[in-house]
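> no sequence for this one, just the structure:
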């Protein structure tokens, strides 16, 4: 299993499209910034066949300090980003399972 970085995406898309790496980087960076700004405004971001990003609120809870398990530590409510994969993404990822057993 490999890790794909933003740089890897830029190089791959640049090679496939003929666009310069700087142009591809700018498009990817603006896309990320736009998604981030939308989520920061509590908007849902839906990319058809890929998935959707939503802001969810966690409830406050009481945790434990691992260094002192007898001590309770309050954990405040917070906003987190949840990703829900789309149908096509789920189907394509499901095909990976047989390869993992090899």
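Noted; the coordinates are in hand. Source: prediction; values computed, not measured.

> ok now the lengthiest helix in the chain, how far from the chain's centre?
Secondary structure of the chain read by DSSP state H shows that its longest helix is helix 21-40. Its chain's average C-alpha position is 13 Å from that of helix 21-40, according to CA atoms, centre = their mean, to the nearest Å.

> got it, and stretch 15-30?
The chain centroid and the centroid of stretch 15-30 are separated by 20 Å, computed with CA atoms, centre = their mean.

> contacting residues around it?
6, 9-11, 13-14 (CB atoms under 8 Å, 6 or more residues apart in numbering). Heads up, the C-betas are built off the backbone N, CA and C, glycines and all.

> ChimeraX command to pick out the buried ones of those?
Buried subset of the contacts of stretch 15-30, written as a ChimeraX selection, criterion 16 or more other CB atoms under 10 Å:
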select :10,13,14
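
> quick check, nearest of the contacts of stretch 15-30 to residue 81?
Among the contacts of stretch 15-30, residue 6 lies closest to residue 81 (CB to CB), at 17.6 Å.

> for residue 47, give me its contacts.
residue 86 are the contacts of residue 47 under CB under 8 Å, 6+ apart.

> and it, how far from residue 29?
As for residue 47, its distance to residue 29 is 17 Å (criterion: CB to CB, to the nearest Å).
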